[in-house]
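Undergrad: Just need the structure, nothing else, for what follows:
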Amino acid sequence: MIKILKYCIILILVSFFIISGTTGIEVNSSFPFDYDPLVDVEVTVEIQKIRAFDKDDQQVRIKEYIDLNSDPDFYVKIIINDQEFTSDIFYNTKYIYEPQFSATLNVPDDDEFVTVKIQLWDKNDNGDILCDIDDNDNDAELTYSIKTGHWTGDDQLGDLSGYGRLNGCDDGSIYKRDQDCELWFNIFQNDYDYDGIPYWTEVNTYNTDPEVKNSGDPDSDEISVEWEWRWGYDPFMSEDHNNLDLDEDGINNIEEYLTSEWFSDPFRKDIFVEFDIMEEGPNGEKTYFAEGGKELIRTAFDRQNIIFHLDDGSNNKIISGHDIIPFDNEIGRGELNNIYYDYFLHGNDNNWRKGVFHYGVVLYNEDPPGYMFRANAFQVASKGLEEKVENPFLGDSDIVYGSAYMHELGHTLAFNPIYGHDGLSKNPFQIGWWINRPYKSCMNYGYMYTMVDYSDGSRPFRDLDDWERMDLTAFQTDWGWP
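TA: Residues are numbered from 1 along each chain as shown. Below you'll find the predicted structure:
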């Protein structure tokens with residue numbers, strides 16, 4: 001009888017361990033709760049991009065960065081549950097697009113929350129500088145949940161700078177020298193079925209099998225499981241993503257999904273531009289665009305939390321539409337429309353990029369060397385811009401090209417009125433030049449070729465807040481153009 005009783009007790013205990021080990025459900029409070037019984041949970045923080053923001057109180061670019069005499073020497077510190085990880089130093093560079101640095105820590109499976117701190121440092125001989133990547137303190141403090149796979153704190157879903165992006169300008173220091181930078185990152189945990197959705201969420205929220213990978217589009221709303229989970233949507237409940245544009249940037253959720261490789265965010269404004277360039281001519285005619293000019297445009301937009309994405313063929317994205325245009329020394333407006341149709345739409349009037357991208361083509365020669373030729377398309381010509389570069393009273397090559405490109409892009413953003421954009425404002429010998437000086441924008445001929453920015457409306461007289469009044473949806477009216 002005693003032997004039978006012992007067997008019964010052993011059977012009950014074995015059954016208990018099997019049940020608790022396979023379901024992850026807390027049966028007895030004396031045993032620890034396991035948020036994922038299928039794996040030993042590890043949390044990874046991955047750094048994806050780092051960019052320094054150039055600063056000048058007058059909004060006119062000068063050679064001044066985080067380091068006074070050179071570009072910054074960045075390194076990153078990641079602190080997970082009080083354990084610190086430090087990257088190698090990225091010497092003498094303002095822009096790091098593939099830092100290849102991450103930190104992974106095995107964390108307690110019975111504690112939902114993991115603390116994460118991210119710091120960006122600039123190494124200096126007279127003392128390292130903690131750069132500004134947050135709207136409060138210079139570093140970012142986050143809390144990651146192994147239940148949901150999302151984080152909160154100094155960055156979270158729906159904030160102005162975007163999920164997985166930190167912006168030092170969020171404290172209002174856009175035009176101050178404040179070591180402002182932007183830093184892109186991701187936080188994730190290991191997962192048995194490799195779909196990225198944590199065990200607890202699968203079992204308790206979606207009622208799916210945590211041992212079978214969720215993929216595809218189970219709710220038939222044209223967006224994948226992974227994207228909907230990341231951005232807080234229910235991947236098993238159909239949404240009208242074709243008409244959802246919560247950030248009002250003219251890009252609906254389906255288009256946000258199609259551009260997800262570019263780090264687009266359905267809750268933060270994005271602007272996309274396709275950059276095509278004409279090939280070199282038979283007699284050595286060189287079509288050129290200053291690479292630094294692209295970065296200045298990106299900085300101007302990014303620090304305002306309107307993220308600038310330029311498809312110039314350098315990022316090797318699957319969705320890239322970048323093309324090389326055959327050389328032609330005499331391009332007119334009619335031929336520009338043909339280029340738009342052949343190299344932007346690729347002969348397809350229903351090309352999905354038409355509802356996402358502006359089109360800015362770089363030619364060799366056109367007069368004038370920059371104008372908008374459709375509601376979402378413009379050209380700049382390098383021959384005319386090189387003449388501006390040679391003018392000692394204008395900016396350097398980066399500024400001239402960046403300013404011209406941003407000026408013409410501005411015309412696709414429905415700026416109206418534009419002070420100083422007339423025939424009486426093109427040089428200091430004209431009255432319009434002086435009357436419109438408070439409007440410090442590259443849209444004003446008085447500042448074109450000398451600055452790469454729009455005005456913020458902070459001057460008390462005859463100024464306009466371009467960043468507030470821009471219409472990111474205006475380019476879609478192009479569909480009615482010839």
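
Undergrad: From now on I want contacts and neighbour counts done on CA atoms only, so please keep to that.
TA: OK.

Undergrad: how about the strands in the stretch 351-482 of the chain?
TA: Counting by DSSP state E, counting those that start in this stretch, the stretch 351-482 of the chain has strands at residues 357-363, 370-374, 377-381.

Undergrad: Same list (these) but as CSV, adding mean pLDDT.
TA: Formatted as CSV, these follow (pLDDT from 0 to 100):
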stretch, mean pLDDT
strand 357-363, 97
strand 370-374, 95
strand 377-381, 97
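
Undergrad: Make CSV out of the ones you listed and add distance to Ser161.
TA: Below are the strands of the stretch 351-482 of the chain laid out as CSV (distance: least, C-alpha to C-alpha, whole Å):
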stretch, distance to Ser161
strand 357-363, 21
strand 370-374, 29
strand 377-381, 27
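
Undergrad: So which of these is nearest Asn253?
TA: Taking C-alpha to C-alpha, strand 357-363 is the member of the strands of the stretch 351-482 of the chain nearest to Asn253, at 14.7 Å.

Undergrad: now that closest one and strand 370-374, what's the angle there?
TA: Going by axes from the mean of the first three to the mean of the last three C-alpha atoms, to 10 degrees, strand 357-363 is angled at 130 degrees with respect to strand 370-374.

Undergrad: mind listing what strand 357-363 pairs with, with the direction of each?
TA: strand 270-278 (parallel), strand 377-381 (parallel) (DSSP bridges).

Undergrad: winner for burial among those?
TA: Highest mean neighbour count among the strands paired with strand 357-363 (mean count of other C-alpha atoms under 10 Å): strand 377-381, with a mean of 26.

Undergrad: so how far is that one from its chain's centroid?
TA: Strand 377-381 sits 24 Å away from the centroid of its parent chain (C-alpha atoms, centre = their mean, to the nearest Å).

Undergrad: Glu239: which of the strands of the stretch 351-482 of the chain is closest?
TA: Set against Glu239 and scored by C-alpha to C-alpha, the strands of the stretch 351-482 of the chain come closest in strand 357-363, at 23.9 Å.

Undergrad: what sits against Tyr141?
TA: Heads up, residue 141 is Glu, not Tyr. If a contact means C-alpha atoms under 8 Å, 6 or more residues apart in numbering, then Glu141 has 115-118, 153-154 as its contacts.

Undergrad: one more time with 6 Å, if that's ok
TA: The neighbourhood of Glu141, defined by C-alpha atoms under 6 Å, 6 or more residues apart in numbering, consists of 116-117, 154.

Undergrad: One more: Gly158?
TA: By C-alpha under 6 Å, 6+ apart, the residues touching Gly158 are Phe267.

Undergrad: In three-state terms, label it for me.
TA: Put simply, Gly158 is coil when judged by DSSP: H, G, I helix; E, B strand; the rest coil.

Undergrad: Read off the pLDDT value for Arg437.
TA: Looking at Arg437, its pLDDT stands at 97.

Undergrad: how much space between it and Tyr175?
TA: As judged by C-alpha to C-alpha, to the nearest Å, Arg437 and Tyr175 stand 18 Å apart.

Undergrad: who's more crowded, the two?
TA: Arg437 (20 against 17; other C-alpha atoms under 10 Å).

Undergrad: From Tyr447, how far off is the more buried one?
TA: Remark: distance between Arg437 and Tyr447 (C-alpha to C-alpha) = 8 Å.

Undergrad: show me what contacts the spatially most central residue of the chain?
TA: Centroid-nearest residue in the chain: Ile307, 4.6 Å away (criterion: C-alpha atoms, centre = their mean). Taking C-alpha under 6 Å, 6+ apart, we find Ile307 in contact with 270, 301.

Undergrad: what do you get if the cut-off is 7 Å, keeping everything else the same?
TA: By C-alpha atoms under 7 Å, 6 or more residues apart in numbering, the residues touching Ile307 are 269-271, 301.

Undergrad: Take the residues you listed and write them to JSON lines, including pLDDT.
TA: Formatted as JSON lines, the contacts of Ile307 follow (pLDDT from 0 to 100):
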{"residue": "Lys269", "pLDDT": "98"}
{"residue": "Asp270", "pLDDT": "98"}
{"residue": "Ile271", "pLDDT": "98"}
{"residue": "Phe301", "pLDDT": "98"}
